[in-house]
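Chemist: Could you work out the structure for the sequence below:
(chains A, B, C and D)
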Number of protein chains: 2
Amino acid sequence: MMADMEKKKNTIVDVARKLNVSTSTVSRALNGHHSISERTKLKVRKVAAELNYSPNNVAASLRRGKVNSIGVILPRINSTFMSNCIFGIESVTYPAGYNLIISCSNEDYKKEVQSIAALKASQVSGIILSLSNETKKTAHLSNIISQNIPLVMFDRIAELLNVDSVVNDDTKITVQAIEHLHAMGFRKIAIFSSPTHIYVYKNRMKGYLEALSSLGLTLNHNWIIENIQTKEQAQHSAEILFKAKDKPDAVFCTSDTIALGVIQTLKKLGIQIPQEVGVIGYSNDTFSELIQPTLTSIEQYPQEMGVNAAKLMLDIIGDKNWSMQVHKQIHIKPRLIIRDSSNRLLTE
Amino acid sequence: MMADMEKKKNTIVDVARKLNVSTSTVSRALNGHHSISERTKLKVRKVAAELNYSPNNVAASLRRGKVNSIGVILPRINSTFMSNCIFGIESVTYPAGYNLIISCSNEDYKKEVQSIAALKASQVSGIILSLSNETKKTAHLSNIISQNIPLVMFDRIAELLNVDSVVNDDTKITVQAIEHLHAMGFRKIAIFSSPTHIYVYKNRMKGYLEALSSLGLTLNHNWIIENIQTKEQAQHSAEILFKAKDKPDAVFCTSDTIALGVIQTLKKLGIQIPQEVGVIGYSNDTFSELIQPTLTSIEQYPQEMGVNAAKLMLDIIGDKNWSMQVHKQIHIKPRLIIRDSSNRLLTE
DNA sequence: CTGTTAGCGCTTTCAG
DNA sequence: CTGAAAGCGCTAACAG
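Modeler: This is a model prediction of the structure:
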């Protein structure tokens, strides 16, 4: 009978045996320890290669009590914004020698909690997180903080939690956007917003209200549409709003997708953009400069956000007392990109 | 002097001690082993919760010789196509209890090789991969296959490697696209392609050539533009081509971004689409139905590709002899989505 | 510069 | 149904 080809993987023990040295020497040589002679290092590396040796990080991590991976939990993964954030994160963590374990909460609170548990079990060095829509409790986060697992939040943060974070200056840029509409002669400005219990939308709403007040514009509660999540909902609400008596003359939208829905409805109703109604979106999706009319929007620099979140994480890792310290909040400055959908000067 | 609050994490040893049982019992209880009485299980779980016990998967993995994570290597991460693939993969691997370790080769061969090594060191259960642009050698892949590490490739596969894979029927759908152009009366069909050493572009080129031949259209080598990678390159090449004497009357593009570049140049040159020139893109990006004219394109169902790649992976994992077997290739059927940019019927 | 030794936290035979 | 004991592969005191 043929014996099974027991392709047992070679370990440092095999390398050590072949060279007649101790496993410590092999371990040290492979890790570039300074107290090993160049000659030995060369020999070890040679034999390791011959034996097709591949290190076992699981064993090393267990021994070291430290894992070289960082967990990332996102509400979505297939969005331009989020995938660019990941891209930014990866560009920092990879050169630093970390793996990225990514999981997607799918805007589901329960899955967020489970993902946290899974990452904890994996002994990740830290967790970078943006909250799901549904997350209203944050016990799962306090829990990991209390266990000294580094946590960095970005974009959708939990305000009451004292952690390092990266956010946009949503309020300020929204004020700027409303001021821009005002400067273009729009006076009856509506807002189409996603749910305002979420940090970023809350701040956009805040900016809207602040700007209206400081510009002396009257606030019409019928023009404040909240809880819009999809293009279809935006279309629906726009249809109702623009068929009513008391129509606004501009709409500030908290996402480009919402803005797209509004634009499609306005077109359908034969309303001219921006002559009759101005529209502003948020996040500068690829399509915003490609649609008709081109859409005024707000660039958020998601990659930059990811880069900063990752840098923050690397700073924290290894700092035993990070949870005791004053936490940093990095503000990314968004930019208003003025295009045709709000630019009345073009047509006057 | 205050003693440091040694917040040493509790392990099963602590749980066992508190209950006066053995660690084996705790381990078994926590893992729902059948030979443990319900009463014990309850007690163990209760104490584990009290002690805020969190399992250490690193130790468990080392002992089991098996890690609950799957590695994914992609050429890009911030593209609609790839992020949707990840989304599909995650939707299968998460419920199955796997972590996803994602790394991005950035179209760089070296980084692809390094990522493979890193994932190997992490002892991942398997690797799902789509090749970088630059990858021409596949020794790094043969290597992991020979070590019985499950490998699934998708989209950009290495043809000569005998592994499970998920691909589009690029050739067939391209033939269909060209036939569509022919049916619309276009006869002088050019192709703007990304580098054809890459599997998917090679097949699109193949489809183009096959279709031309079977439709009896003459092949003009000046109309075969290869190595286009960016919108700018597409614009540049289109400008040259459409200022030349011998102009095509349609352009098949291997991506929507290329098509966008072509359309922008045609507009600039005052050439009517589709009356004078028809354009087809590939991958049905969000913007394709939003631009003017709306762009005929090919939907590839990236999420579906991810789902299938992940399922294939789960099938393979644990199957000791997978590398000996005949490998499956799953073909995802793309769909031609006809819009204005190729639809002459609209205007005749 | 190198070797000896003791575990990291968990699972899993084997033995009751 | 439960316990004792061994050990996964590696690293890091400690000791020369």
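Chemist: which SSE is A:L100 in?
Modeler: Remark: A:L100 resides in strand A:99-104, with elements defined by DSSP states H and E.
Chemist: so after that strand, what's the next helix or strand?
Modeler: Counting by DSSP H and E, the next helix or strand C-terminal to strand A:99-104 is helix A:109-121.
Chemist: Could you see whether chain B lies near that next one?
Modeler: Yes: Helix A:109-121 reaches chain B (C-beta under 8 Å from any C-beta of the partner chain) through A:K111, A:A117, A:A118, A:L119, A:K120, A:A121. The C-beta positions use only the backbone N, C-alpha and C, and glycine is treated the same way.
Chemist: The strand holding A:L100 vs helix A:109-121, what angle?
Modeler: 160 degrees (axes from the mean of the first three to the mean of the last three C-alpha atoms, to 10 degrees).
Chemist: now for strand A:99-104, which elements pack on it?
Modeler: Applying 3 or more C-beta pairs under 8 Å, 6 or more residues apart in numbering or on different chains; DSSP states H and E, one finds that strand A:99-104 makes contact with strand A:69-74, helix A:80-93, helix A:109-121, helix B:80-93, strand B:99-104.
Chemist: helices or strands next to the first one in the packing?
Modeler: For strand A:69-74, the contact count by 3+ C-beta pairs under 8 Å, 6+ apart identifies helix A:80-93, strand A:99-104, helix A:109-121, strand A:126-129 as packing neighbours.
Chemist: what angle sits between that strand and helix A:80-93?
Modeler: Interaxial angle, strand A:69-74 versus helix A:80-93 (the same axes, to 10 degrees): 170 degrees.
Chemist: Return the residues of the stretch 101-250 of chain A in contact with chain B.
Modeler: A:101-104, A:111, A:117-123, A:143, A:147-148.
Chemist: Pretty sure A:N308 sits against A:S165.
Modeler: No: judged on C-beta atoms under 8 Å, A:N308 makes no contact with A:S165 at a distance of 9.6 Å.
Chemist: Can you pull out the low-pLDDT segments for chain A?
Modeler: Counting by pLDDT under 70, the ranges of chain A that qualify are A:1-7, A:318, A:320, A:323, A:346-348.
Chemist: Can you name the residues of it that neighbour DNA strand D?
Modeler: Chain A comes close to DNA strand D at residues A:8-9, A:11-13, A:23-24, A:27-28, A:30-31, A:55-56, A:59-60, A:62-64, as judged by C-beta under 7 Å from any atom of the strand.
Chemist: Counting neighbours, which of the residues you listed end up buried?
Modeler: By neighbour count, with 16 or more other C-beta atoms under 10 Å in any protein chain shown, the residues of chain A next to DNA strand D hold A:T11, A:I12, A:S27, A:R28, A:L30, A:P55, A:N56, A:A59, A:A60, A:L62 as buried.
Chemist: what about the closest residue to the second one other than its chain neighbours, distance to A:L19?
Modeler: Just to be clear, that refers to A:I12. Counting by C-beta to C-beta, 6 or more residues apart in numbering or on different chains, A:I12 lies nearest to A:V26, which is 4.5 Å off, once chain neighbours are set aside. From A:V26 across to A:L19, the span is 7 Å (C-beta to C-beta, to the nearest Å).
Chemist: Looking at those two now, which is surrounded by more residues?
Modeler: A:V26 (27 against 17; other C-beta atoms under 10 Å in any protein chain shown).
Chemist: Need the residues that contact the helix or strand harbouring that one.
Modeler: Assigned by DSSP H and E, A:V26 belongs to helix A:23-30. Applying C-beta atoms under 8 Å, 6 or more residues apart in numbering or on different chains, the external contacts of helix A:23-30 come out as A:12-13, A:15-16, A:19, A:35-36, A:40-41, A:43-45, A:48, A:55.
Chemist: DNA strand C contacts on chain A?
Modeler: So far as C-beta under 7 Å from any atom of the strand goes, chain A lies against DNA strand C at A:20-25, A:28, A:34-37, A:39-40, A:59, A:62-63, A:65.
Chemist: count of neighbours near A:V326?
Modeler: Count around A:V326 with other C-beta under 10 Å applied: 6.
Chemist: residues contacting it?
Modeler: Contacts of A:V326 by C-beta under 8 Å, 6+ apart: none found.
Chemist: now it: how far from B:A177?
Modeler: Distance of A:V326 to B:A177, computed by C-beta to C-beta: 59 Å.
Chemist: likewise A:S91?
Modeler: For A:S91, the distance to B:A177 - C-beta to C-beta - is 36 Å.
Chemist: got it, and A:Q325?
Modeler: From A:Q325 to B:A177 the distance is 59 Å (C-beta to C-beta).
Chemist: Ok, A:V21 next?
Modeler: Remark: distance between A:V21 and B:A177 (C-beta to C-beta) = 63 Å.
Chemist: returning to that earlier point: make a markdown table out of the helices and strands packed on strand A:99-104 and add distance to B:L215.
Modeler: Formatted as a markdown table, these follow (distance: least, C-beta to C-beta, whole Å):
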| stretch | distance to B:L215 |
| --- | --- |
| strand A:69-74 | 47 |
| helix A:80-93 | 38 |
| helix A:109-121 | 50 |
| helix B:80-93 | 29 |
| strand B:99-104 | 40 |
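Chemist: Single out the most deeply packed of the ones you listed.
Modeler: strand A:69-74 (a mean of 27; mean count of other C-beta atoms under 10 Å in any protein chain shown).
Chemist: Convert the C-alpha atoms of the strand holding A:L100 to PDB, please.
Modeler: Taking Å, rounded to 0.1, in the frame of the first residue of the first chain, the C-alpha atoms of strand A:99-104 are listed here in PDB:
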ATOM      1  CA  ASN A  99      -3.600  42.600   7.600                       C
ATOM      2  CA  LEU A 100      -7.000  44.100   7.200                       C
ATOM      3  CA  ILE A 101     -10.000  42.000   8.300                       C
ATOM      4  CA  ILE A 102     -13.000  43.600   6.800                       C
ATOM      5  CA  SER A 103     -16.600  43.100   7.700                       C
ATOM      6  CA  CYS A 104     -19.700  44.700   6.600                       C
END
